[in-house]
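Visitor: Next comes the sequence, and after it the predicted model I'd like to discuss.
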Amino acid sequence: MKRSVVCISLVLLSTSAVFAGFDYVIEEGRYGLPSLEDYETLLMTGGGGDSLNLDDHSLARVEGTSPLEEGYGGIWHLNVYGEAHLEFLGGEVHQLDLGTYGTAVLSGGRIDRLSSRQNAWKYVDGPPVHLVPNPHITIVCDLDSVVHNPQTNILTGTWLDGMAFSIQLIDVEGYSPAIENIQFIPEPSTLLLMALGVVSFLHRR
């Protein structure tokens, strides 16, 4: 527990210094959320909107939203495409969609539905040539709590802060099953790596 608190504190210290480096900062209210392109960045700590779209090499860090309500609060659709990256630490989302080479790290909050239009495997040169896992979604949680029901395709578990999650996975024909596109990480220091990744991204721009 102490280690988790230290890591979270380091995350807050690491990120607070770079908040001004984001192209968009949303803290409250209802917005027509932006469509991020190129290397644009967004920090969201509150508020909500109908849809948030990430494309190209953009990055969004969502730490919180208003309560989820269609047409009013939270984020109804969150789309991550191109080579964009999402860091979702809190807030409420109705549906999260990933496609092309988009990536996401999920470590808190409410996500009702998760759809994946990606291939979760890649070929590696041999000999012999073989397939290895290549997941695009990372979930930071208590590994012992994770349960996937193959009949309902519902994924349940507990975030590291003790809050439960229940996510309806959506498989898309022609792509890998969503569960194959997820890796589970138990280490709270992953949150620190996420924060350092934001710093690195902003400096590279």
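Guide: Received it, and whenever you're ready, just let me know what you need.
Visitor: quick one: contacts for Gly71?
Guide: Taking C-beta atoms under 8 Å, 6 or more residues apart in numbering as the criterion, Gly71 is in contact with Asp50. C-betas here are computed from N, CA, C, even on glycine.
Visitor: what's the pLDDT at it?
Guide: The model reports Gly71 with a pLDDT of 78.
Visitor: Ok, Thr138 next?
Guide: Among the per-residue scores, Thr138 shows a pLDDT of 97.
Visitor: again with Leu33
Guide: Listed pLDDT for Leu33 reads 88.
Visitor: Under a three-state scheme, what state does it occupy?
Guide: Here Leu33 is recorded as coil under DSSP: H, G, I helix; E, B strand; the rest coil.
Visitor: With Ala120 as the reference, measure out to it.
Guide: 28 Å (C-beta to C-beta, to the nearest Å).
Visitor: Same check on Gly71?
Guide: Taking C-beta to C-beta, one finds Gly71 at 33 Å from Ala120.
Visitor: what does Val132 give?
Guide: For Val132, the distance to Ala120 (C-beta to C-beta) stands at 10 Å.
Visitor: out of these two, which sits in the more crowded spot?
Guide: Applying other C-beta atoms under 10 Å to Val132 and Ala120 shows that Ala120 carries more neighbours, namely 20 against 8.
Visitor: For the chain, which segments are assigned as helices?
Guide: Ranges of helices in the chain, per DSSP state H, are 2-16, 189-204.
Visitor: what's the least confident stretch among these?
Guide: Looking at these, the weakest mean confidence is helix 2-16, a mean of 40.
Visitor: Give me the neighbour count for Glu173.
Guide: Count around Glu173 with other C-beta under 10 Å applied: 5.
Visitor: For Cys141, which non-adjacent residue is spatially closest?
Guide: Sequence neighbours aside, Gly157 is the residue nearest to Cys141 in space, at 4.9 Å (criterion: C-beta to C-beta, 6 or more residues apart in numbering).
Visitor: What residues does the one you found make contact with?
Guide: Neighbouring residues of Gly157 by C-beta under 8 Å, 6+ apart: 139, 141-142, 145-147, 164-165.
Visitor: so how far is Leu106 from it?
Guide: Gly157 is 11 Å from Leu106, by C-beta to C-beta.
Visitor: pLDDT value on the residue in the chain sticking out farthest from the centre, please?
Guide: Distance to the chain centre peaks in the chain at Pro127, reaching 34.9 Å (criterion: C-alpha atoms, centre = their mean). pLDDT, Pro127: 78.
Visitor: Centre of the chain to stretch 58-76, how far?
Guide: Here stretch 58-76 shows a centroid-to-chain-centroid distance of 12 Å under the convention C-alpha atoms, centre = their mean, to the nearest Å.
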